[in-house]
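In: give me coordinates for this.
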Amino acid sequence: MSRNLQRRHRPMSQINVVPYIDVMLVLLVIFMVTAPLLQQGVEVELPKVEARPLDDTKPEDLIVVSVDRQGRFSLQRGQYLDDEALRAAVAERLARAPRREAFVRGDRRVDYGRVVEAMVILQQAGVARVGLITEPPEE
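Out: Below is the predicted model of the structure:
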């Protein structure tokens, strides 16, 4: 009789993976919903030209001003600023780290004068070097 008891109560050697699959599917749904929310910024269609890539500069060390199709200025977070607010925000960032580099992301359809205005505002705020951001041409 003891033999029959041992056969019925042997430990199971299989792993039940159903709970793991459930957790993975929930995480997948969460990431699919939150990923588009993490991409903040202004939609800018950059000109496509061959240029030398940036050095090993960290993105947090850069000041990037975007100029969208309507000619509105934005400073890295998607909120639109007028000329004076942009100048003040850049001057504030330069006060914390004076040697920051600044770049302008101008939409290829925006008036060239508006991109130049952004560069002048950056220089008036105290930026020593201002560059333009482009995209590499498609192969």
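
In: can you map out the helices along this protein?
Out: Read by DSSP state H, the chain holds these helices, from start to end of the chain: 2-8, 18-38, 83-96, 112-125.

In: tell me which of these lies nearest to Leu62.
Out: Each of these was checked against Leu62 via C-beta to C-beta, and the shortest separation belongs to helix 83-96, namely 10.0 Å. For the C-beta atoms, the positions are set from N, CA and C on the backbone; glycine is no exception.

In: so what does that closest one touch, helix or strand wise?
Out: Contacts of helix 83-96 with other secondary structure elements, assessed using 3 or more C-beta pairs under 8 Å, 6 or more residues apart in numbering; DSSP states H and E, are made with strand 62-67, strand 73-75, helix 112-125.

In: can I get the helices of the chain in a markdown table including distance to Ile63?
Out: Compiled in a markdown table, those are given as follows (distance: least, C-beta to C-beta, whole Å):
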| stretch | distance to Ile63 |
| --- | --- |
| helix 2-8 | 72 |
| helix 18-38 | 21 |
| helix 83-96 | 6 |
| helix 112-125 | 7 |
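
In: Val65: which of the ones you listed is closest?
Out: The closest approach between Val65 and any of the helices of the chain, judged by C-beta to C-beta, belongs to helix 112-125 at 5.1 Å.

In: which neighbouring elements make contact with the closest one?
Out: Secondary structure elements in contact with helix 112-125, counted by 3+ C-beta pairs under 8 Å, 6+ apart, are strand 62-67, helix 83-96, strand 101-106, strand 130-132.

In: pLDDT weak spots in this protein?
Out: Screening the chain residue by residue with the criterion pLDDT under 70, one finds the ranges 1-9, 12, 36-48, 51-61, 77, 139.

In: show me it divided up by domain.
Out: Following automatic domain parsing, one finds the domains of the chain at 2-38, 59-132.

In: tell me which of those domains sits most buried.
Out: Highest mean neighbour count among the domains of the chain (mean count of other C-beta atoms under 10 Å): domain 59-132, with a mean of 16.
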